[in-house]
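>>> My questions are about this predicted structure, shown below with the sequence.
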Amino acid sequence: MIRFIAGGKGEGKTKLLIEMTNARAKTSDGSIVFVDDDKRHIYCLHHTIRFVETGKNKLTNYGELVGYIMGVISMNNDITDIFIDGLTNIVQTVSETEMIEQTERLMKISERYEIDFVISINCNKDSLPDKIKPLLM
C-alpha cells in the first residue's frame, strides 16, 4: 500500500509522518525505515527505526529514489514500512508522468515485498496527478 501526505510548507506533514512512524514502530513485527534528505529529525524517531539520509547522494529524480529504496530493501528482508519525508526535497525534479510511473513501480514493490509506504510531498493536493489523488491520506 502507498499513501501520500500532501500540503504546503509548514502544514505539519513531517510531524504527522514522525508520529505515524513512531506509532508503527510499537506495533510492527519487522523493521521500519524512515527516509529523509537530512538528519534534522533523527532524534525524533524511536531508536528501533532505521534512519536513511539521502542528502549526500544527490538523487535527481523519483526513479533514482525508487532504485535507492530497492537497495535498502535488498539489505533487510523484514522491512514492513517505509516512510519517506519530503519527496520534493529528496529528488530535484518530479514530472507528472514520472510521478505516475514511479508510484506504479513502487506499488509493485509494495505488493511483492509486502511493504507499506507513506510519502510526504510539499505541494498542493490539487496539483497532484489524478491517478495519485486516491492515494492521499
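Happy to help now that I have it.
>>> Please make it C-alpha for all contacts and neighbour counts, starting now.
Noted.
>>> Measure how buried Ile73 is and give me the count.
18 (other CA atoms under 10 Å).
>>> wait, what's in contact with it?
Ile79 (CA atoms under 8 Å, 6 or more residues apart in numbering).
>>> And it, how far from Lys13?
Per CA to CA, to the nearest Å, Ile73 is found 24 Å from Lys13.
>>> Kindly report the same for Thr103.
Distance, Thr103 to Lys13, by CA to CA: 19 Å.
>>> Could you report the separation of the one residue sitting closest to the centre of the chain from Gly71?
What sits nearest the mean C-alpha location of the chain, by CA atoms, centre = their mean, is Ile84, with 2.2 Å. Distance, Ile84 to Gly71, by CA to CA: 15 Å.
>>> among the helices and strands of this structure, which has the poorest mean pLDDT?
Among the helical and strand segments of the chain, the one scoring lowest on mean pLDDT, DSSP states H and E is helix 87-90, with a mean of 92.
>>> Which helix in this protein has the most residues?
Ranked by number of residues, the top helix in the chain under DSSP state H is helix 96-113.
>>> list the helices and strands that helix packs on?
Counting contacts by 3 or more CA pairs under 8 Å, 6 or more residues apart in numbering; DSSP states H and E, helix 96-113 is packed against strand 2-7, helix 62-74.
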